[in-house]
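Enquirer: need a 3D model of the following:
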Amino acid sequence: MNKFISIVCFLILISSIIDAQTWVRKNAGYGFWSIEKDFAGNIYAGTTGTARGIFKSTDGGETWTNVYSTGASNYLDITFDPLNNVYVANSTNGLIISTDGGNNFTTIPTTTFGGNAVNTVACGQNGLVLVGVTSGGVYRSTDFGSTFTQTLSGYSIVSLEFDKFDSNRVYAGSSSTTLNGFFVSTDAGQTFSGPFNNVNVWEILQKQDSTLFTFSTSSGYPVSKSTDLGFTWTTVGNTPAAIRGACLDLVEDLYAAGNGGVYKSTDGGSTFINFNLTFSSNKIISYQNKILVAVSGTTNGGVYIYEDTTIPVELVSLNAYQKNNSVALEWKTATETNNLGFEIQRKSIKSVNGSDDDWTRIGFVSGSGTTTESKSYSFIDENISTGTYKYRLKQIDYEGTSKYSNEIEINLVLTPVEFELFQNFPNPFNPSTKIIWESPISGWTVIKVFDILGNEVAVLLNEFRGEGKYEINFNASDFHLPSGTYIYKLTIGEKTLTNKMIFLQ
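Expert: All right, here's what the predicted structure looks like:
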């Protein structure tokens, strides 16, 4: 029994040592609060309590360059707009912006925000910038931060996030001694509803299925979950300590950083594994197959990197475009492990009042097994009609485990490949019928009707039409025609087609 206990203790010790040794400190000597990656793969980090400022890494966090320096202050949040401009929230100085990749910075002072400390910043489309401040709520800009208007007041906003799938939906988290909660905007930050979920909200995460998670420094340190875009919440678990940062890795496991170090959950926030790090951690990000965390303090401060040795399939892009009368899908991976391949799935999107089709398997493309090299794939969906469609990939490994990609949508408009005049419908008819034709070319289009003797009795169309498929209604009573057999003739440029139809009164 004692031997068994000794073995268990030894294994626990070894496990703890392994966990601790997987973290490597970079940029030592400075305490950091914020960290984020831009759209070009660069990483920025902001210090706290030390006279340094903003650092930039172009090699995944291995080496760092100080790109902006000030006196001792707190750089609490970093984000980027679609043009890859840099926005940094500084509690003392205000909002700091760079439009040239961190070479030069300008400052929007705290006086712009009522003299309040700037805690967080988020960027949307077309110059939209939202800033969260202490006691002053949210300020909104539509000109890349040149001017701001207050849109939420009275709350200390410490977290702001745009919805991954709806550019008009914004989430805000408040933290103070009395006014806490989660706020929702459906008009890109012009107005907010809430608060919902009466706990302080230091971090907001959204998974690919739109599920929201919040992390807190409130008593008990609850992890809250919402499946209705933030209006109702349930507590799914508790972290061991107060949390100030969180992220999702490539397989959407949760990582949380705060007092006592870093914690990981593989069951949606119900339980957390302690990485056995004793220093105070702040913001945390996922970068490729790495986790990077900002750590404060001059003794243990720095950016710590944890590299997961299990490399899942990292999908870096998925695109769809029309190619002739087909849909071409192209995607690229950065790394793969045990990748059997990709099942391609499609569903048709109906009108607003109709119901969408179910997902259908339309093909399979073999993967590359295990590789750290970037791989490109493609697939052509050929047998398809005009309409709006969604596509997704189901990545399957050799053990049968699968994971879905994001969905992409495309509107397909088929171009005719042949010149064709269809049989009118109905036929025989009384008194009206439809005439349908397809043309692969543009041109002056004429449709005339003749009786059986060749006399012209009606001109239905005489105008320019582009390539495509068209239909026109012919009502024989409008032309006071008797029952009988008639010829309808389509002429486009030098091309002519004819068909017979029967009018029965």
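Enquirer: make it CA atoms for all contacts and neighbour counts henceforth
Expert: OK.
Enquirer: do a quick rundown of the helices in the protein.
Expert: 2-21 (DSSP state H).
Enquirer: how close does the most centrally placed residue in it sit to T337?
Expert: Of all residues in the chain, the one closest to the mean position by Cα atoms, centre = their mean is K164, 4.0 Å from it. K164 is 27 Å from T337, where distance means Cα to Cα, to the nearest Å.
Enquirer: still on that earlier bit, can you tell me the closest non-neighbouring residue to the residue nearest to the centre of the chain?
Expert: Nearest non-adjacent residue to K164, counting by Cα to Cα, 6 or more residues apart in numbering: Q206, 7.3 Å away.
Enquirer: go on, V446?
Expert: Using Cα to Cα, 6+ apart, the closest residue to V446 is N462 (4.5 Å).
Enquirer: how near is that neighbour to E438?
Expert: In this view, N462 and E438 are 16 Å apart by Cα to Cα.
Enquirer: of those two, give the one with the bigger neighbour count.
Expert: Shown here are N462 and E438; by other Cα atoms under 10 Å, E438 has more neighbours (18 against 13).
Enquirer: burial measure for the spatially closest residue to E382 that is not a sequence neighbour, as a count.
Expert: In space, and not counting its chain neighbours, E382 is closest to S326: 4.7 Å by Cα to Cα, 6+ apart. Residues lying near S326 (other Cα under 10 Å) number 18.
Enquirer: residues in contact with S326?
Expert: With contact taken as Cα atoms under 8 Å, 6 or more residues apart in numbering, S326 is in contact with I380, D381, E382, N383, I384.
Enquirer: mind giving me the ChimeraX command for buried ones among those residues?
Expert: Buried residues within those, by 16 or more other Cα atoms under 10 Å, are selected in ChimeraX with:
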select :380,381
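Enquirer: just give me the closest of the contacts of S326 to T227.
Expert: D381 (33.0 Å; Cα to Cα).
Enquirer: correct me if wrong: the closest one contacts V327.
Expert: Yes: counting by Cα atoms under 8 Å, D381 touches V327, with 5.1 Å between them.
Enquirer: distance to D397 and pLDDT added to the contacts of S326, as CSV?
Expert: As requested, the contacts of S326 are exported to CSV (distance: Cα to Cα, whole Å; pLDDT from 0 to 100):
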residue, distance to D397, pLDDT
I380, 22, 94
D381, 23, 92
E382, 27, 85
N383, 28, 71
I384, 29, 78
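Enquirer: and the pLDDT for the residue nearest to the centre of the chain?
Expert: What the model reports as pLDDT for K164 is 90.
Enquirer: likewise for the one 4 residues further on?
Expert: At N168, the predicted lDDT confidence score is 95.
Enquirer: quick check: closest non-adjacent residue to it.
Expert: Closest to N168 by Cα to Cα, 6+ apart is A188, at 4.1 Å.
Enquirer: that neighbour and D209: what is the separation?
Expert: Note on A188: its distance to D209, by Cα to Cα, is 21 Å.
Enquirer: between the two, point out the one with more neighbours.
Expert: Neighbours per residue, other Cα under 10 Å: of A188 and D209, the larger number sits with A188, 22 against 11.
Enquirer: check contacts around the more buried one.
Expert: A188 touches G124, S167, N168, R169, V170, counting by Cα under 8 Å, 6+ apart.
Enquirer: how about a cut-off of 7 Å?
Expert: S167, N168, R169, V170 (Cα atoms under 7 Å, 6 or more residues apart in numbering).
Enquirer: what is the burial count for the third one?
Expert: Summarising burial for R169: neighbours were counted as other Cα under 10 Å, giving 19.
Enquirer: ok, now the second one?
Expert: Applying other Cα under 10 Å, we find 15 other residues in the vicinity of N168.
Enquirer: spatially nearest residue to E330 (excluding sequence neighbours)?
Expert: With Cα to Cα, 6+ apart, the residue lying closest to E330 is S378, at 4.4 Å.
Enquirer: how far away is that neighbour from G387?
Expert: Applying Cα to Cα to S378 and G387 gives a distance of 21 Å.
Enquirer: what about stretch 221-230, average pLDDT?
Expert: Taken as a whole, stretch 221-230 carries a mean pLDDT of 94.
Enquirer: what residues of that stretch count as buried?
Expert: Buried residues in stretch 221-230 (16+ other Cα under 10 Å): Y221, P222, V223, S224, K225, S226, L229, G230.
Enquirer: tell me how many other residues crowd the closest residue to N93 other than its chain neighbours.
Expert: Nearest non-adjacent residue to N93, counting by Cα to Cα, 6+ apart: P109, 5.7 Å away. By the measure other Cα under 10 Å, the count of residues near P109 is 18.
Enquirer: now D267
Expert: 13.
Enquirer: please apply the same query to F165.
Expert: F165 has 12 neighbouring residues, counting by other Cα under 10 Å.
Enquirer: now it, nearest residue through space, not along the chain?
Expert: S210 (8.0 Å).
Enquirer: over to I43?
Expert: K37 (4.2 Å).
Enquirer: that neighbour reaches K56, doesn't it?
Expert: No: the pair K37 / K56 is not scored as a contact, 9.5 Å apart, by Cα atoms under 7 Å.
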